[in-house]
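> Fold the following and give me the result.
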Amino acid sequence: MSLGDYEAPYPSIFRANSLGGSTHEMPSDASLKVQASDSVGSLESLRADWDRLLADFPHATTFSTLEWLLPWWRAFGRDDRLRVLSFSDPSSSLVGLAPLALIRHSVSGMSLRVLRLMGDGSGDSDNLDLPVRPGFEESFASALLAHLEKPEERWDFCELNTLPASSPAAAAIVHAAKQRGWPAFQYPRAASAITLPGNWEAYLQRLSAEDQKNLARYTRRLENRYQVQIYRCSQESEIPRCLEALFHLHQSRWNRAGEPGSFSSAARRRFYDELSLSLLARRWLEFWVLELDGMVAAAQFAFRYRDTVYQLQEGYDPDRSTDRVGVILRAHVMKQLISEGVRDYDFLGGEPGYKARWGAEPRFYTDLKFARPFSWGAAYLSALHQGGKSKEWLRKSLPEPVWSVLHKTNVCLRGGTRSGTQS
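Numbers count the residues shown, from 1 in each chain. As a prediction, this is how the structure comes out:
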């Protein structure tokens, strides 16, 4: 299923070429100057302007900050080519950013060059975006596509995943692509979050009577059995022990289920090590732990930006599952966050599932893909889109047992299940 997808017609993929040149020339937007950065050092030199732009960008999240992106790049971006585009107005003020990276994507023996958002690819980042100062969206999109249209820009298609559904840049890019005759497609991706009320009592009223009763009962029972301590990691010296506990608890749970777990990845552990210190320095870190008799039994790793907290990862002692340590920790954290003025508790990607019991409501991200017309990238995206439509029709039309067999067969033919993070 696509949301507002636009397909530019082209007569045949045999008119494609490796550079993806357009058959018509569009005037570039001369009002904005575009500069490319291809190293971490060059991004560091942009930090002050980057922060000022985010301060003026109403949709900014942690995922667009250098505090997130640089640790991610050092952990996961080694095989990619950094391609961050900055856009300045005639007064040299930064008005837009396209934090991109160039990767290789192999399909049917052919290697395609893909531009994607810096931070995408490991399964750790959501809400990735292209920050634009309000009022500059149209000129930003026009300047971006004009720059990407240059022959020296060697790429096949652009894939911008987990954009916020309300991303002004995404809407402007789709409009600019349509004007240029570029194929562009948008697809929804599930997410969920809780809009928090002004006080804890009002929040409790949203829960079922049974869940309200259980929260109080579980808490009393835990306090009768153990010496309970719940705290937020607020000192640099606390981070190593708390992270080690998170890694261990998360892995213990998933290993028992026969799964590798997110923190089997050394790169992800390095990422969390650097990210924690980076966020703590800005007072954005919301890393909470619950201890029983001095031993960590549950941990939740989140971070705050403005009045939103993003819940990223968690772990609890599987031997303490009957004590409901994860439930008690989440309730304590949410009560504290509400008292501090947090108004959105974002579970990030995925269906609400069990989170609906906490009041989580469905939201969605947008995945945006586009390419220059009459290019290999355009042919690939069009074929992918048509194949996706066919797959969706089959899923809806076939009986569940038949669809399940076909789906499992397809997974096996592709070489196994798709890896990703586990929460």
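> how many neighbours does residue 342 have?
Counted with other C-beta atoms under 10 Å, residues neighbouring residue 342 total 18. All C-beta atoms are positioned from the backbone trio N, CA, C, and that covers glycine.
> Looks to me like it is in a helix.
No: Residue 342 sits outside any helix when classified using DSSP: H, G, I helix; E, B strand; the rest coil, being coil.
> how far away is it from residue 333?
To residue 333, residue 342 is 10 Å away according to C-beta to C-beta, to the nearest Å.
> Ok, residue 304 next?
11 Å.
> Over to residue 232?
Distance, residue 232 to residue 333, using C-beta to C-beta: 8 Å.
> Give me the common contacts of these two.
286, 288 (C-beta atoms under 8 Å, 6 or more residues apart in numbering).
> ok, the two, which is more surrounded?
A side-by-side neighbour count of residue 232 and residue 333, using other C-beta under 10 Å, places residue 333 first with 21 against 16.
> helix or strand for the more buried one, which one?
Using DSSP states H and E, residue 333 sits in helix 325-339.
> And residue 299, by the same measure?
According to DSSP H and E, residue 299 maps onto strand 295-305.
> so how far is that strand from its chain's centroid?
19 Å (C-alpha atoms, centre = their mean, to the nearest Å).
> And that strand, what does it pack against?
Here strand 295-305 is seen to pack against helix 239-256, helix 266-281, strand 285-292, strand 308-316, helix 325-339 when contacts are counted using 3 or more C-beta pairs under 8 Å, 6 or more residues apart in numbering; DSSP states H and E.
> Which residues belonging to that strand are considered buried?
296-305 (16 or more other C-beta atoms under 10 Å).
> Please work out the angle formed by the directions of it and strand 308-316.
160 degrees (axes from the mean of the first three to the mean of the last three C-alpha atoms, to 10 degrees).
> Which strands border strand 295-305, and is each parallel or antiparallel?
strand 285-292 (antiparallel), strand 308-316 (antiparallel) (DSSP bridges).
> Export those as JSON lines, with columns for mean neighbour count, distance to residue 42 and mean pLDDT.
Formatted as JSON lines, the strands paired with strand 295-305 follow (neighbours: other C-beta atoms under 10 Å; distance: least, C-beta to C-beta, whole Å; pLDDT from 0 to 100):
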{"stretch": "strand 285-292", "mean neighbour count": "22", "distance to residue 42": "27", "mean pLDDT": "98"}
{"stretch": "strand 308-316", "mean neighbour count": "22", "distance to residue 42": "27", "mean pLDDT": "97"}
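> just to revisit the earlier point, now, among the buried residues of strand 295-305, which is nearest to residue 51?
Checking the buried residues of strand 295-305 against residue 51 by C-beta to C-beta gives residue 305 as the nearest, at 12.3 Å.
> Could you pull out the strands in the stretch 1-150 of the chain for me?
33-37, 81-88, 94-107, 110-117 (DSSP state E, counting those that start in this stretch).
> Of these, which is nearest residue 377?
Of the strands of the stretch 1-150 of the chain, nearest to residue 377 by C-beta to C-beta is strand 110-117, at 6.4 Å.
> quick one on the thing from earlier: could you say which one of the strands of the stretch 1-150 of the chain comes nearest to residue 277?
strand 94-107 (21.2 Å).
> And that closest one, how far out from the chain middle?
15 Å.
> Please identify the buried residues of it?
By neighbour count on 16+ other C-beta under 10 Å, the buried set for strand 94-107 is 94-103.
> do the same with stretch 247-259
247, 249-251, 253-254.
> with these in mind, which one is nearest to residue 383?
residue 254 (35.7 Å).
> Please report how far that closest one lies from residue 49.
Taking C-beta to C-beta, one finds residue 254 at 41 Å from residue 49.
> what's the answer for residue 373, then?
In terms of C-beta to C-beta, residue 373 sits 34 Å off from residue 49.
> So which of the two has more stuff around it?
Applying other C-beta under 10 Å to residue 373 and residue 49 shows that residue 373 carries more neighbours, namely 23 against 16.
> Residue 184 and residue 368 touch, don't they?
Yes: contact criterion C-beta atoms under 8 Å: residue 184 and residue 368 qualify, at 6.9 Å.
> Now for these two: what residues contact both?
173-174.
> give me the low-pLDDT residue ranges for the stretch 1-150 of the chain?
1-30 (pLDDT under 70).
> Taking the chain centroid, which residue in this protein is the extreme one?
Centroid-distance maximum for the chain: residue 224 at 40.1 Å, with C-alpha atoms, centre = their mean.
> for that residue, helix, strand, or coil?
helix.
> gap between the two ends of stretch 298-317?
One end of stretch 298-317 to the other measures 6 Å (C-alpha to C-alpha, to the nearest Å).
> coming back round to it: quick check: angle from the helix holding residue 333 to strand 295-305?
40 degrees.
> C-terminal to helix 325-339, what's the next element?
Helix 325-339 is succeeded, C-terminally, by strand 344-349 (DSSP H and E).
> Contacts for that following strand, please.
Residues from elsewhere that reach strand 344-349, judged by C-beta under 8 Å, 6+ apart: 126-127, 162, 189-196, 307-312, 334, 337, 355, 360, 365.
> The same query, at a cut-off of 6 Å, please.
Applying C-beta atoms under 6 Å, 6 or more residues apart in numbering, the external contacts of strand 344-349 come out as 126, 191-194, 196, 308-311, 355, 360.
> can you pull up the bridge partners for the residue lying closest to residue 118 once chain neighbours are set aside?
Leaving out its chain neighbours, the residue that sits closest to residue 118 by C-beta to C-beta, 6 or more residues apart in numbering is residue 99, at 4.0 Å. Beta-bridge partners of residue 99, counted by DSSP bridges, are residue 84.
> these two touch, right, residue 99 and residue 84?
Yes: Residue 99 is within contact range of residue 84, at 4.9 Å (criterion: C-beta atoms under 6 Å).
> Name the residues of stretch 42-51 that are buried.
For stretch 42-51, burial by neighbour count (16+ other C-beta under 10 Å) applies to 43, 46, 49-50.
> swap that for stretch 169-184, please
Those would be 169-177, 180-184, for stretch 169-184 by 16+ other C-beta under 10 Å.
> In a markdown table: those residues, plus pLDDT, secondary structure and distance to residue 267.
Formatted as a markdown table, the buried residues of stretch 169-184 follow (pLDDT from 0 to 100; DSSP: H, G, I helix; E, B strand; the rest coil; distance: C-beta to C-beta, whole Å):
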| residue | pLDDT | secondary structure | distance to residue 267 |
| --- | --- | --- | --- |
| 169 | 97 | helix | 28 |
| 170 | 97 | helix | 28 |
| 171 | 97 | helix | 34 |
| 172 | 98 | helix | 34 |
| 173 | 98 | helix | 30 |
| 174 | 97 | helix | 33 |
| 175 | 97 | helix | 37 |
| 176 | 97 | helix | 35 |
| 177 | 97 | helix | 34 |
| 180 | 96 | helix | 38 |
| 181 | 96 | coil | 40 |
| 182 | 97 | coil | 34 |
| 183 | 96 | coil | 34 |
| 184 | 97 | strand | 32 |
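> Nice, that's everything, thank you.
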